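Student: Provided below for reference: sequence and predicted model.
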Amino acid sequence: MKKTILAFSRITPAMADRLREHYEVIIPSPALGNLNTQFEKALPEAHGLIGAGRKLGSKQLCTAERLEVVSSVSVGYDNYDLGYLTERGIMLTNTPDVLTESTADLAFSLILGSARRIAELDAWTKAGNWTRTLEAAQFGCDVFGKTLGIVGLGNIGSAVARRGRLGFGMNILYSGNTPKPELEHALDARFVPLDELLANADFVCLVVPLNANTRHLIGERELQLMKPSAILVNVSRGPVVDEQALIAALEQGRIRGAGLDVYEREPLSASPLFSLPNALTLPHIGSATDETRLAMADRAVENMIAALEGHRPRDLVNPEVWRPDGNHG
Ligand code: 8YV
């Protein structure tokens, strides 16, 4: 009998077709009624779950008795209760590497977009305001040659550092768990404590995973440490920043601006951020390019097939559950 895969968010038709070559595939659809009800009804049948952007832990998965693998179409896996999955011997896979460059591109878009006030001035031009000379109060700030502080020098952080150093002649500071001597050598990057980074960077770019240590890593105290001329960029996860504290800092002009792709609650609606001209707000699009989403989809499907066929998936987040005899579930 074919194994069953249940999608817990939209998956592309190409992903569905590839999975259907081997498995029964259930994709909840708005045309068939409530999505949650469809998901919950199908859960006890599912050997594999695939998707992104949904919290999955003991509460959601207690009826998923046959579950062998959760294949997440994302690099971050803060939505999943890793301890619970591991305890149950359920594999969790993600899609690292393939979104590194597009997310670093987006971080740089936010750096440049905030520094040069791109969205604000685009709206100004389109509103027909360009009948008079731009005022000095509308000027941006330089990026070239400034100091870029990267919080979390993993794959994405390193890709941001490369852009900053090689493309924009920036001085690179970074903080995190461990120094990366190879990058220090290649990019002249300097490993410093977070407080030192905050006090010296013109741009602070957050690229850490969300976990108990990084939740509200940037709060009122940290924002106070930043230069009034500095810009905060977040392409990691919203809860890494205390959003209320950030809004207060932006309202009071305690920092120059913020370029945000992620928020404490997503999707973001009716936020004070919307009326702040010094906040650039994007709808979580770090990996949202045609090429990257395709690559993420392929990787997630490959991980799923490997796991269900008894091969070790390439991107296994919890290797301790791997049993070479393929005796999962
Ligand atoms: C994903 C992300 O695109 O990969 C991640 O961790 O944050 C995003 O780039 C999103 O989770 C939807 O797949």
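Tutor: Good, I have the coordinates.

Student: Residues touching the lowest-mean-pLDDT helix or strand in the chain, excluding its own?
Tutor: Least confident helix or strand of the chain, by mean pLDDT, DSSP states H and E, is helix 181-187 with a mean of 92. Helix 181-187 is touched from outside by Leu153, Ser158, Ala161, Arg162, Arg165, Leu166, Ile172, Tyr174, Ala189, Arg190, Phe191, with contacts defined as Cβ atoms under 8 Å, 6 or more residues apart in numbering. Glycine gets a C-beta too; all of them are placed from N, C-alpha and C.

Student: okay, among these, which ones form the most distant pair?
Tutor: Maximum pairwise distance among these (Cβ to Cβ): 18.9 Å, between Leu166 and Phe191.

Student: more neighbours, those two?
Tutor: A count of neighbours by other Cβ atoms under 10 Å puts Phe191 above the other of Leu166 and Phe191, at 17 against 11.

Student: looking at the sheet around that one, what are its partners?
Tutor: Phe191 has the following beta-bridge partners by DSSP bridges: Tyr174.

Student: Show the pLDDT at it.
Tutor: With respect to pLDDT, Phe191 scores 97.

Student: So it is in contact with Tyr174, correct?
Tutor: Yes. Judged on Cβ atoms under 8 Å, Phe191 makes contact with Tyr174 at a distance of 6.0 Å.

Student: Quickly list what's touching both of these two.
Tutor: Counting by Cβ under 8 Å, 6+ apart, the residues touching both Phe191 and Tyr174 are Lys180.

Student: tally of neighbours for the residue in the stretch 101-250 of the chain that the ligand sits nearest to?
Tutor: Distances between the stretch 101-250 of the chain and the ligand by Cβ to the nearest ligand atom are smallest at Thr103, namely 6.4 Å. Thr103 is flanked by 25 other residues according to other Cβ under 10 Å.

Student: just Tyr80 next, same as before
Tutor: A count of neighbours around Tyr80, defined by other Cβ under 10 Å, yields 24.

Student: That one and Val70, how far apart?
Tutor: Using Cβ to Cβ, to the nearest Å, we find Tyr80 at a distance of 6 Å from Val70.

Student: hey, what's in contact with both of the two?
Tutor: Joint contacts of Tyr80 and Val70 (Cβ under 8 Å, 6+ apart) are Leu56, Leu92.

Student: Contact partners for Arg54?
Tutor: Phe8, Ser9, Gln60, Asn79.

Student: Correct me if wrong: the second one contacts Ala52.
Tutor: Yes. Counting by Cβ under 8 Å, a contact exists between Ser9 and Ala52, whose distance comes to 5.3 Å.

Student: Who has more neighbours out of the two?
Tutor: Neighbour count, other Cβ under 10 Å: between Ser9 and Ala52, Ala52 has more, with 21 against 17.

Student: how about Pro324, secondary structure?
Tutor: Under DSSP: H, G, I helix; E, B strand; the rest coil, the three-state class of Pro324 is coil.

Student: Identify the spatial nearest neighbour of Leu56, chain neighbours not counted.
Tutor: Nearest in space to Leu56, with sequence neighbours left out and distances taken as Cβ to Cβ, 6 or more residues apart in numbering, is Tyr80 at 5.1 Å.

Student: tell me, what's touching Ser9 and Ala52 both at once?
Tutor: Val73.

Student: and stretch 272-283, does that touch the ligand?
Tutor: No. Remark: stretch 272-283 sits outside contact range of the ligand, by Cβ under 6 Å from any ligand atom, the gap being at least 11.0 Å.

Student: So which residues make contact with that stretch?
Tutor: With Cβ under 8 Å, 6+ apart, stretch 272-283 has contacts from 106, 110, 113-114, 117-120, 243, 247, 250-251, 253, 256-261, 263, 267-268, 271.

Student: Weed out the non-buried ones from those.
Tutor: Among the contacts of stretch 272-283, the ones that count as buried by 16 or more other Cβ atoms under 10 Å are 106, 110, 113-114, 117-120, 243, 247, 250, 256-261, 263, 268, 271.

Student: Return the subset of those lying in helices.
Tutor: With DSSP state H as the criterion, helices contain Leu106, Leu110, Gly113, Ser114, Ile118, Ala119, Glu120, Glu243, Ile247, Leu250 from among the buried ones among the contacts of stretch 272-283.

Student: roughly how far apart are the third one and Leu106?
Tutor: Which is Gly113. Counting by Cβ to Cβ, the gap from Gly113 to Leu106 is 10 Å.

Student: anything in contact with each of the two?
Tutor: Counting by Cβ under 8 Å, 6+ apart, nothing touches both Gly113 and Leu106.

Student: picking that back up, show me what contacts the nearest residue to the residue of the stretch 101-250 of the chain closest to the ligand once chain neighbours are set aside?
Tutor: Among residues not flanking Thr103 along the chain, Gly286 sits closest, at 4.0 Å (Cβ to Cβ, 6+ apart). Neighbour list for Gly286: Leu99, Ser102, Thr103, Leu106, Ala107, Val235, Asp261, Val262 [criterion: Cβ under 8 Å, 6+ apart].

Student: would you turn these into CSV with distance to Ile26 and pLDDT?
Tutor: Shown next, in CSV, are the contacts of Gly286 (distance: Cβ to Cβ, whole Å; pLDDT from 0 to 100):
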residue, distance to Ile26, pLDDT
Leu99, 26, 98
Ser102, 30, 98
Thr103, 30, 98
Leu106, 32, 98
Ala107, 36, 98
Val235, 33, 98
Asp261, 31, 98
Val262, 29, 98
